[in-house]
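Trainee: 3D model of this:
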Amino acid sequence: MSLDAEADREAAAGLYKATRTNVTQNQGKFRIHFNFPGRNHPDHEDHGYGPLSTVVESFMDPDTLIGMHPHRNEDIISWVPAGVMRHDDGDDNVLVTDSDHLMVMNAGREFWHEERTNPEDPPLRMLQIFVRPHTLNMEPNIQHEPIPDPVENEWRHLFGPEGTDAPLFVRNEVDLYDARIGEGATVEIPTAGGRDTYFYVFEGELDAGGETFTEAESGLYTGDGSLSAAATEESIVVAFTINPDAEVTRQGTIGR
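Mentor: Okay, here's the model as predicted:
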């Protein structure tokens, strides 16, 4: 067996693939697909994986309003690789999240907001990420910050626990990275000691651990070594390093 084949075999032993989710809701101009990272693993009883509860692929047509509504006891991250998502909230914030900005709502005991697109806005496809906090009923908070420009084939660190060097924080032990990977390039999927990694192909196609991952497919990696991924076409990928044993609460409005 070649060294490359041996490396693929070892990686595949700790790599669990999920195809595009069939858990969806169609609200006409607003459509959502729920990805549950815990479902990647056949022996995992929880739909979430530690602090990472749900990764929602969201579609909003132009001129769409999702009216004012509350969230409780969850952190909600809006990741918008193209287009715009407009946000108003009960604290009089009027914010635009786009490819240059990331938004984190630390809902805590309660936070109200609405989302919309204007008639002149392009169709929107984004991820809304739900993180379980470590403690119930904390002080609500909102973060809306510029993020570094992407560099092809390099991972950006976008959020992490409080006190890390990421531009935004969540209230538990999970970090988010994203990357734009050029066709033919190979990168290492982010890993960390004591962590497992969940990754999601937003666009494109990757080969990793002997598996092929296409748009809206995901992998959960629980192995001890590194995991290489080769892009067979231009790709946009997000990856989460997760402490699966972190203390979590499960009383979020959506991300239970």
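Trainee: For residue 216, pull up the helix or strand it's in.
Mentor: Using DSSP states H and E, residue 216 maps to neither a helix nor a strand.
Trainee: Identify the residue spatially nearest to residue 68, adjacent ones excluded.
Mentor: Once flanking residues are discounted, residue 68 sits nearest to residue 114: 4.5 Å by C-beta to C-beta, 6 or more residues apart in numbering. Using the backbone N, CA and C atoms, a C-beta is placed for each residue, glycine as well.
Trainee: Can you tell me how far that neighbour is from residue 252?
Mentor: 18 Å (C-beta to C-beta, to the nearest Å).
Trainee: So the two - more neighbours on which side?
Mentor: residue 252 (23 against 14; other C-beta atoms under 10 Å).
Trainee: out of everything not next to it in sequence, what's closest to that one?
Mentor: Computed as C-beta to C-beta, 6+ apart, the closest residue to residue 252 that is not its neighbour in sequence is residue 74, at 3.1 Å.
Trainee: Would you confirm that the one you found contacts residue 248?
Mentor: No - under the criterion of C-beta atoms under 8 Å, residue 74 is not in contact with residue 248, lying 10.5 Å apart.
Trainee: ok, these two, which is more surrounded?
Mentor: A side-by-side neighbour count of residue 74 and residue 248, using other C-beta under 10 Å, places residue 74 first with 26 against 22.
Trainee: Who are the contact partners of the more buried one?
Mentor: 53, 107, 130-133, 252-255 (C-beta atoms under 8 Å, 6 or more residues apart in numbering).
Trainee: Just the strands from the stretch 151-256 of the chain, written as ranges.
Mentor: Remark: strands assigned in the stretch 151-256 of the chain by DSSP state E, counting those that start in this stretch are 156-161, 168-170, 174-181, 186-188, 196-208, 211-214, 218-221, 228-242.
Trainee: Pick the most buried one from those strands.
Mentor: Neighbour counts averaged per stretch over the strands of the stretch 151-256 of the chain are highest for strand 218-221, at a mean of 25; criterion: mean count of other C-beta atoms under 10 Å.
Trainee: Would you mind listing the buried residues in stretch 12-30?
Mentor: Buried residues in stretch 12-30, counted by 16 or more other C-beta atoms under 10 Å: 12, 14-18, 21, 30.
Trainee: ranges for the helices of the protein?
Mentor: Along the chain, counting by DSSP state H, helices occupy 3-12.
Trainee: Quick one: low-confidence residue ranges for it.
Mentor: Low-confidence segments of the chain, defined by pLDDT under 70: 1-11.
Trainee: check contacts around the residue nearest to residue 220 when sequence neighbours are not counted.
Mentor: Excluding its sequence neighbours, the residue lying closest to residue 220 (C-beta to C-beta, 6+ apart) is residue 40, at 3.8 Å. By C-beta under 8 Å, 6+ apart, the contact list for residue 40 reads 16-18, 49, 198, 218-220.
Trainee: swap in residue 240?
Mentor: Residue 240 is in contact with 37, 52, 174-177, 197-199, counting by C-beta under 8 Å, 6+ apart.
Trainee: one more time with 10 Å, if that's ok
Mentor: Taking C-beta atoms under 10 Å, 6 or more residues apart in numbering, we find residue 240 in contact with 37, 49-52, 55, 129, 131, 159, 174-177, 190, 195-200, 220.
Trainee: next one: residue 174
Mentor: 49-53, 75, 129, 131-132, 159-161, 195, 198, 240-244, 246, 248.
Trainee: Kindly report the same for residue 63.
Mentor: 29, 116-121.
Trainee: One more pass at 7 Å, please.
Mentor: Neighbour list for residue 63: 117-119 [criterion: C-beta atoms under 7 Å, 6 or more residues apart in numbering].
Trainee: what does residue 119 give?
Mentor: Residue 119 neighbours (C-beta under 7 Å, 6+ apart): 62-63.
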